[in-house]
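# model this:
(chains A, B and C)
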Amino acid sequence: MENLLYWVGLAAVAVFALTGVLDAGRKNMDLVGVAMVGMATALGGGTVRDVLLQRPVFWLDDPIYLYVALATTLAVFIAARGLRLPPRLFLIPDAVGLALFTIVGTQIALVWQAPWLAASLMGVITGIVGGVVRDVLCNEVPLVFLRGELYASAAWAGALVLIGLQALGLSPVIAAWIGMAVILGLRLIAMAFRITLPTYSARK
Amino acid sequence: MENLLYWVGLAAVAVFALTGVLDAGRKNMDLVGVAMVGMATALGGGTVRDVLLQRPVFWLDDPIYLYVALATTLAVFIAARGLRLPPRLFLIPDAVGLALFTIVGTQIALVWQAPWLAASLMGVITGIVGGVVRDVLCNEVPLVFLRGELYASAAWAGALVLIGLQALGLSPVIAAWIGMAVILGLRLIAMAFRITLPTYSARK
Amino acid sequence: MENLLYWVGLAAVAVFALTGVLDAGRKNMDLVGVAMVGMATALGGGTVRDVLLQRPVFWLDDPIYLYVALATTLAVFIAARGLRLPPRLFLIPDAVGLALFTIVGTQIALVWQAPWLAASLMGVITGIVGGVVRDVLCNEVPLVFLRGELYASAAWAGALVLIGLQALGLSPVIAAWIGMAVILGLRLIAMAFRITLPTYSARK
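Residues are numbered from 1 along each chain as shown, chains lettered A, B, ... in the order given. Predicted structure coming up:
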């Protein structure tokens, strides 16, 4: 199971790097600019989590994450340059990545003894900050905050489920699987049925 | 007095969270997006200070800050959704929050033995970075850097007064009160009389 | 040689602060806003490097960097206010600063035992993040990522040369000089002959 998580984690890094490349590609960035945005998207969430918890930054400890992020950006750059890939193609791997990153981040914060609300936010931060950094670097309002099919909210719900189930005595491994299923399920159902949260200015 | 500072500090967190909600509300963000921007605004300044000083991040140590920030964003979202609140309504609590955050941040940096100029900047960072993060996430030039009634400059002046008075031998508590009065006074006077600093390109 | 590096480093801080002032000056920022952006530009890259490596932040250790950055912003503000300085005037000192910051950052990460790819990125981060922060604060897409004469790519090439030469057994001092020459040379040649990297969407 640890092994499986590791591989899914690397796949999530690759998918997030890919979304960074596609976004940066729209901004007339050059090869190295695209690579930087791709790597920041893939590694940003976990980096902010580690800096806040004052743990060693994960990609300085295990460089494989960096290799995967860099190789993905270069491969996409070479293979897909000039192509218009339909963004919806990546929504399912992206949802898997979001689920995995959020659960891993929450679990790390729980082991670190963070209070429950802070631990759930560490999970959300791990899951979404990469995309926020990507959009800030591309000079856009972060997509994950905008009205749209549940994204940050799905991550938050799954993190809270993980924490609640462990507080009820469930084993961390089973709670993690259920938490991931909640995130993935909410995200996929929200995309299928176009479920959105209310916005602040809806009655304007 | 410690007790008073603690409560005023929580009030400042709430006010900053409120300004984050109002700003995010203009950007078509959904409930969770608004909550994230509200919390980032309320907690961003102290977080950057703690990361730079390599102290434990304050809201991981004492989760009450997180509860206040989250409860505020949700309360504003529910109570004021769709309303157009006059922004000037919040200028005075915001000035109190700025004064308090700046003085607390400067004092923490002094205790940490930071050099005087760095300590004063830690105070300014604690006071203004929340607003900078809010504006960057909302894809705007940070308001506190723009021409306008003294804001970052009032914070900086108060931090320097705090440091100078302590260097002259005054007790930290009295120096802190005077520093806060300087920030609050400068800000209120500047708003009343529309006092601004010169801009770089004024003679253009 | 250590002494020389120190002075060139301070000169680089001054030049980066200057570019921050010029950029912020276009955004109607006031004196303190301009000073904040100038200091963030000058000190941002090394700060992010130190936070990621969990070393003490360099300008908290040695306040001279802060004095130089602040004095530069104030001097530029007073001397050049309202003037339109040709941006190309600063390209050569900026290239020297980029070369120096990148090599120093890479060397620090190598001493810290970072893996080679991570060490090279620490160098690039040290060299370019100041400019990225400047452009994000000024609400622009970071210049260093955009199509243009080699910038981040020149920094990265020099960092990799530094690491490769040391792996081959060359002394760090000689490898550092060669790495800096590579960065400076690539940047100047790219500016002279308008050499650019491919962009993602070139064939669109």
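# quick one: pLDDT of A:Leu83?
On pLDDT, A:Leu83 comes in at 69.
# so what's the nearest residue to A:Leu165 once chain neighbours are set aside up against?
Computed as CB to CB, 6 or more residues apart in numbering or on different chains, the closest residue to A:Leu165 that is not its neighbour in sequence is A:Ala175, at 3.9 Å. Quick note: C-beta positions are derived from backbone N, CA and C, even for glycine. Listed by CB atoms under 8 Å, 6 or more residues apart in numbering or on different chains, the contact set of A:Ala175 reads A:Val161, A:Leu162, A:Leu165, A:Gln166.
# just the buried ones from the residues you listed?
A:Val161, A:Leu162, A:Leu165, A:Gln166 (16 or more other CB atoms under 10 Å in any protein chain shown).
# so which of those belong to helices?
Those of the buried ones among the contacts of A:Ala175 mapping onto helices are A:Val161, A:Leu162, A:Leu165, A:Gln166, per DSSP state H.
# just checking, what packs against the one helix or strand A:Val104 maps to?
Element membership for A:Val104, per DSSP states H and E: helix A:91-111. Packing contacts for helix A:91-111, counted by 3 or more CB pairs under 8 Å, 6 or more residues apart in numbering or on different chains; DSSP states H and E, involve helix A:2-25, helix A:31-53, helix A:116-137, helix A:152-167, helix A:172-193.
# so which residues on chain A come close to chain C?
Applying CB under 8 Å from any CB of the partner chain, we find that chain A lies next to chain C at A:21, A:24-34, A:36-37, A:39, A:47, A:51, A:54, A:56-57, A:59-60, A:63, A:66-67, A:70, A:77, A:81-82, A:84, A:136-139.
# now, which of these lie close to chain B?
Contacts with chain B within those, counted by CB under 8 Å from any CB: A:Val51, A:Gln54, A:Val136, A:Asn139.
# before we move on, the earlier item: of the residues of chain A next to chain C, select the buried ones using a PyMOL command.
Restricted to buried positions by 16+ other CB under 10 Å, the PyMOL selection for these reads:
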select buried, chain A and resi 21+24+25+27+28+29+30+31+32+33+34+36+37+39+47+51+54+57+59+60+63+66+70+77+81+136+137+138
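# off-centre distance for the lowest-mean-pLDDT helix or strand in chain A?
Using mean pLDDT, DSSP states H and E, the weakest-scoring helix or strand in chain A turns out to be helix A:2-25, at a mean of 81. Taking CA atoms, centre = their mean, to the nearest Å, one finds the center of helix A:2-25 at 9 Å from the center of the full chain.
# what's in contact with that helix?
A:33-34, A:37-43, A:64-65, A:68-69, A:72-73, A:76-77, A:85, A:87, A:90, A:93-94, A:96-98, A:100-101, A:104, A:130-131, A:134-135, A:137-138, A:140, C:145, C:199-201.
# 6 Å - rerun?
A:34, A:37-38, A:41-42, A:65, A:68-69, A:72-73, A:76, A:93-94, A:97, A:100-101, A:130, A:134, A:138, C:200-201 (CB atoms under 6 Å, 6 or more residues apart in numbering or on different chains).
# not counting sequence-adjacent ones, nearest residue to A:Ser120?
A:Ala159 (4.0 Å).
# give the contact list for the one you found.
With contacts defined as CB under 6 Å, 6+ apart, the neighbours of A:Ala159 are A:Thr102, A:Thr106, A:Ser120, A:Gly123.
# report pLDDT for it.
Among the per-residue scores, A:Ala159 holds a pLDDT of 96.
# can you pull up the most central residue in chain A?
Closest to where the C-alpha atoms of chain A average out (CA atoms, centre = their mean) is A:Gly127, at 3.2 Å.
# neighbours of the closest residue to that residue other than its chain neighbours, how many?
Closest residue in space to A:Gly127, ignoring its immediate chain neighbours: A:Thr102 at 3.6 Å, by CB to CB, 6+ apart. The local packing of A:Thr102 (other CB atoms under 10 Å in any protein chain shown) involves 31 other residues.
# which residues touch A:Thr102?
Residues in contact with A:Thr102 (CB under 6 Å, 6+ apart) are A:Gly123, A:Gly127, A:Ala155, A:Gly158, A:Ala159, A:Ile183.
# contact partners for the fourth one?
I take that to be A:Gly158. Taking CB under 6 Å, 6+ apart, we find A:Gly158 in contact with A:Thr102, A:Gly179, A:Val182, A:Ile183.
# in chain A, what spans have low per-residue confidence?
Applying pLDDT under 70 to chain A flags the ranges A:1-2, A:4-5, A:81-85, A:87, A:201-204.
# what is the one helix or strand A:Tyr67 maps to packed up against?
Using DSSP H and E, A:Tyr67 maps to helix A:64-80. In this structure, helix A:64-80 makes packing contacts with helix A:2-25, helix A:31-53, judged by 3 or more CB pairs under 6 Å, 6 or more residues apart in numbering or on different chains; DSSP states H and E.
# looking at the ones you listed, which is buried most?
Each of those was scored by mean neighbour count; the highest is helix A:31-53, a mean of 25, by mean count of other CB atoms under 10 Å in any protein chain shown.
# contacts for that helix next, please.
Contacts with helix A:31-53, where a contact means CB under 6 Å, 6+ apart, come from A:13, A:16-17, A:20-21, A:24, A:57-59, A:69, A:73, A:101, A:105, A:112, A:122, A:125-126, A:129-130, A:133-134, A:137, B:51, B:57, C:51, C:145, C:152-153, C:197-198, C:200.
# gap between the next helix or strand after it and the chain center?
On the C-terminal side of helix A:31-53, the closest following helix or strand by DSSP H and E is helix A:58-61. The gap between where helix A:58-61 is centred and where its chain is centred comes out at 17 Å by CA atoms, centre = their mean.
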